[in-house]
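A.B. asks: I need the structure of the sequence given here:
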Amino acid sequence: MCIRDRLSRETKEIEDYLKKKKIKKLEEKKEMAYDNYESIFQYAIVTDSGANIDENVLFKQLKNIRNKFRAKGNFIVKTLKSYSSPKKDMQRIIFLVAVQNDLLQSQAESLRLLTYNLRKRCILPYKVSSDSGGESENREGSIKNEFESLRDHQIQSIIISLFEDQFDINEYQVNKTIVDHFPLHN
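C.D. replies: Numbering: from 1, shown residues only. From the prediction side, this is the model:
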């Protein structure tokens with residue numbers, strides 16, 4: 001065996017070893033990284049806690065929204081309790097809200113959100129279903145894919161419109177029913 005062949009073989013072995021080591025390190029970093037976990041929640045509302053969460057006005061109205069749109073898609077509400085002071089005397093409730101795609105799409109259509117149409121290459125009002133009822137399911141599926149995915153600011157406006165169907169966010173902030181509200185991002 002000549003020296004050149006031996007060096008190239010050893011070089012290849014070293015390169016393979018280093019690649020395996022880098023892959024292991026990357027996998028370890030991925031396991032430790034927090035950004036690999038995506039949240040389904042898109043919006044948060046912070047309110048002062050009352051005696052009982054079931055008596056909270058905001059919680060009742062969020063449940064009304066969930067019940068109203070149950071047929072169109074899921075409106076998910078999760079509650080978290082938090083303490084805002086070191087003495088733990090001021091308790092707050094954080095409502096995390098998630099709206100699934102079916103409901104987002106039907107609301108985008110009813111709000112006539114302007115969205116980029118991939119087939120026509122222009123901005124048009126969002127549309128989920130076809131105008132003529134006799135078209136096949138394949139056609140309806142292609143209409144859903146005809147528009148670009150909803151962007152974060154469009155999803156936020158849809159969620160706020162769902163809220164405002166039941167209550168006025170600004171009035172609740174003035175009355176201190178809502179301490180704060182903000183969108184969540186992955």
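
A.B. asks: give the bridge partners for T115, please.
C.D. replies: With beta bridges defined as DSSP bridges, T115 has these partners: L124.

A.B. asks: show me the contacts for it.
C.D. replies: Contacts for T115 were tallied using C-beta atoms under 8 Å, 6 or more residues apart in numbering; they are 108, 123-126, 147-148, 150, 154. All C-beta spots, glycine's among them, are computed from the backbone N, C-alpha and C.

A.B. asks: do that again at 10 Å, thanks
C.D. replies: 108-109, 123-127, 146-151, 154 (C-beta atoms under 10 Å, 6 or more residues apart in numbering).

A.B. asks: these in strands, which ones?
C.D. replies: 123-125 (DSSP state E).

A.B. asks: who wins on neighbours among these?
C.D. replies: L124 (15 neighbours; other C-beta atoms under 10 Å).

A.B. asks: right, and that residue touches E109 too?
C.D. replies: No: using C-beta atoms under 10 Å, L124 makes no contact with E109, being 11.3 Å away.

A.B. asks: find residues that contact each of these two.
C.D. replies: 115, 147.

A.B. asks: helices of this protein, residue ranges please.
C.D. replies: 3-32, 57-68, 101-111, 137-144, 152-166, 169-174 (DSSP state H).

A.B. asks: comparing these, which yields the minimum mean pLDDT?
C.D. replies: Lowest mean pLDDT within the helices of the chain: helix 137-144, a mean of 48.

A.B. asks: next up, the contacts around Q166.
C.D. replies: Q166 sits in contact with 58, 60-65, 68, where contact means C-beta under 10 Å, 6+ apart.

A.B. asks: any chance of these in CSV, plus neighbour count and distance to R92?
C.D. replies: Below are the contacts of Q166 laid out as CSV (neighbours: other C-beta atoms under 10 Å; distance: C-beta to C-beta, whole Å):
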residue, neighbour count, distance to R92
L58, 22, 12
K60, 13, 17
Q61, 16, 17
L62, 22, 16
K63, 15, 19
N64, 14, 22
I65, 20, 21
K68, 13, 26
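
A.B. asks: which two in those residues are spaced the farthest apart?
C.D. replies: The most widely separated members of those, counting by C-beta to C-beta, are L58 and K68 (15.5 Å).

A.B. asks: once you drop chain neighbours, what's closest to P183?
C.D. replies: Sequence neighbours aside, Q156 is the residue nearest to P183 in space, at 4.8 Å (criterion: C-beta to C-beta, 6 or more residues apart in numbering).

A.B. asks: and the one you found, how many neighbours?
C.D. replies: The number of residues near Q156, taken as other C-beta under 10 Å, comes to 17.

A.B. asks: how near is it to N67?
C.D. replies: Distance check for Q156 against N67: by C-beta to C-beta, to the nearest Å, it reads 22 Å.

A.B. asks: likewise for L118?
C.D. replies: From L118 across to N67, the span is 35 Å (C-beta to C-beta).

A.B. asks: fine, thanks again, bye for now.
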